[in-house]
Every structure is written in structure tokens, then in C-alpha cells.
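*Asks:* what's the 3D shape of this:
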Amino acid sequence: MPADAITHTQPPSPKRRRPLIALALLVVLAIVTVTLARGAAHWLVRPDPLAHADVLVVLSGGLPYRAEGAADVYQQGYTPLVWVSRPAGPQEELAQIGVHYIGEEEYNREAIVHRGVPESAVQILPEEIENTEQEIEEISRLMRRDGKRTVIIVTSPEHTRRVRALWNRFAGNDLTLIVRGADEDPIDLDHWWRNTRDVFSVVREYLGLLNIWIGLPVRPHTHGA
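*Replies:* Residues are numbered from 1 along each chain as shown. From the prediction side, this is the model:
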């Protein structure tokens, strides 16, 4: 073959390489973003191993999943008593227009009993609460009043780390917390950015943790204020 018939493959010019490099960087960035996003939701989940406790508490919110998760724990024999927190609601405003308000705590109680927990084992806490901070304060106060030392708190999986942080800040060292996420909760930890419910949950948890880390400058809302 004549020498001049031999063709040589020329490397792409710098101008042609730029789009390929940009595409590769975008692919790497997308992979890193997805990995970090998945990790962001999973990092919020901080459950403790189950152990026997004096009482189990269902935090408000996440109806009916937290109540169902609490009933499952009770059925396994880890506690003899279930407390249900009482979130503030519009009962006074509705009463003024002649409407009877049934609070979330009643539905939680019914869901727990429906799952097989005896009615006598379920108690609704007396004080209305506005947020998790107030729940922790009331739980720890009632535990000391009743001579209880260990509690299982059931909440949503992504809420467990913030519950632990608030407990460490407000409950004191003489009480023991076991925090658990409800298995029934439908949050998609691997793809939480795909729907508004999960996005709201994850973002709210990080904002709540940030508030704790900087000293809780944002205080609980007072109902009716």
C-alpha cells in the first residue's frame, strides 16, 4: 500500500473536546447530587434499638402511621402503657360557630385501639402542645411526676434525629429515650424530592435542626395568637 494512502486518526480538537468534557461533568454532578440527596434524607433517620420501657408515646402528626407504629411496638410487649399527645386545634373557634371539633388525639387513640391495644392502656395527655419541643417538655414532666424512667417515642422516620436532639436539650440526664420511626410511614427516603409531602418533611426537619443548633431563636407558635 502506498505510504500516502495510510490515514492517521487525529485526536479531537480542543473545541470538539469541550462539549464532551461538559457532558461528563454534568453526569458526574448529577450522580453526586442524587447521592447527596439520598443521603440527606437517610441522615435524618436515627432510630434506637427497641427495649422495654415504662411508657410509649405517640407524637402528634403523621396520622395514622405513627399510631399504627406505636400499636405494633405495644403488641411486641415492650411497654404496658401508651400516651397520646394532644395537639392544639381550632376547637374554640369552631365552638363559636356551633361545630364540634374532634381532635387528632382521638383519631390516634382509635387507630391504636383498632390495632389491638386495650383501651385501658391508652391515655391522652392533658396539655395541648404546639410542636415537638413542647411535647418533649410535657413527656419528661409527666414521667418524673409518675416515677417513670424510660420512654419509647414513636414518630415519623425522618423526625427521629430532631426528636433526639430536642430530648437531649430539654429532658435531662435522668430519663432514657428510645426513639423509633413508624414503619408504616410512606416517606420515600431514596427519592424524597419527587413529591411535595416528602420535600416538605425533609426541609422542615433540617430547618428544625438548624433552629436547635443555633439556640432555638424561633419559638413555638401560640395557638390563637
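
*Asks:* where does pLDDT dip in this structure?
*Replies:* By pLDDT under 70, the low-scoring segments of the chain are 1-37, 221-225.

*Asks:* hmm, 50 instead?
*Replies:* Residues of the chain meeting the criterion pLDDT under 50: 29-32, 224-225.

*Asks:* all helices of it, in order?
*Replies:* 14-43, 65-75, 91-96, 104-114, 132-146, 160-170, 196-213 (DSSP state H).

*Asks:* can you pull up the most central residue in the protein?
*Replies:* Nearest residue to the geometric centre of the chain (CA atoms, centre = their mean): His159, 2.0 Å.

*Asks:* the longest strand anywhere in the chain pairs with which strands, and in what direction?
*Replies:* Identified as the longest strand of the chain according to DSSP state E is strand 122-129. Partners of strand 122-129 in the sheet, by DSSP bridges, are strand 82-87 (parallel).

*Asks:* and the angle for the strand it pairs with with helix 132-146?
*Replies:* Between the axes of strand 82-87 and helix 132-146, defined by axes from the mean of the first three to the mean of the last three CA atoms, to 10 degrees, the angle is 140 degrees.

*Asks:* kindly export strand 82-87 (C-alpha atoms) in CSV.
*Replies:* What follows is strand 82-87, C-alpha atoms only, in CSV (Å, rounded to 0.1, in the frame of the first residue of the first chain):
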residue,chain,number,x,y,z
VAL,A,82,-49.4,4.3,75.6
TRP,A,83,-49.6,8.0,75.9
VAL,A,84,-51.0,10.1,73.0
SER,A,85,-50.1,13.8,72.8
ARG,A,86,-52.8,16.4,72.3
PRO,A,87,-52.0,18.9,69.5
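
*Asks:* and Leu166, how far from Leu63?
*Replies:* Distance of Leu166 to Leu63, given as CB to CB, to the nearest Å: 21 Å. Every C-beta, even on glycine, is put in place using the N, C-alpha and C of the backbone.

*Asks:* of those two, who's got more company?
*Replies:* Shown here are Leu166 and Leu63; by other CB atoms under 10 Å, Leu166 has more neighbours (22 against 14).

*Asks:* the more buried one is in contact with Gln134, isn't it?
*Replies:* No - with contact defined as CB atoms under 8 Å, Leu166 does not reach Gln134; the gap is 9.8 Å.

*Asks:* hmm, back to that, want to try a markdown table for the helices of the chain, with distance to Ala121 as columns?
*Replies:* A markdown table is the format used below for the helices of the chain (distance: least, CB to CB, whole Å):
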| stretch | distance to Ala121 |
| --- | --- |
| helix 14-43 | 33 |
| helix 65-75 | 7 |
| helix 91-96 | 26 |
| helix 104-114 | 9 |
| helix 132-146 | 15 |
| helix 160-170 | 22 |
| helix 196-213 | 29 |
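
*Asks:* of these, which is nearest Ile153?
*Replies:* Closest to Ile153 of the helices of the chain is helix 160-170 (CB to CB; 5.9 Å).

*Asks:* how about that closest one: buried residues?
*Replies:* Neighbour-count burial for helix 160-170 flags Thr160, Arg161, Arg162, Val163, Arg164, Ala165, Leu166, Trp167, Phe170 (criterion: 16 or more other CB atoms under 10 Å).
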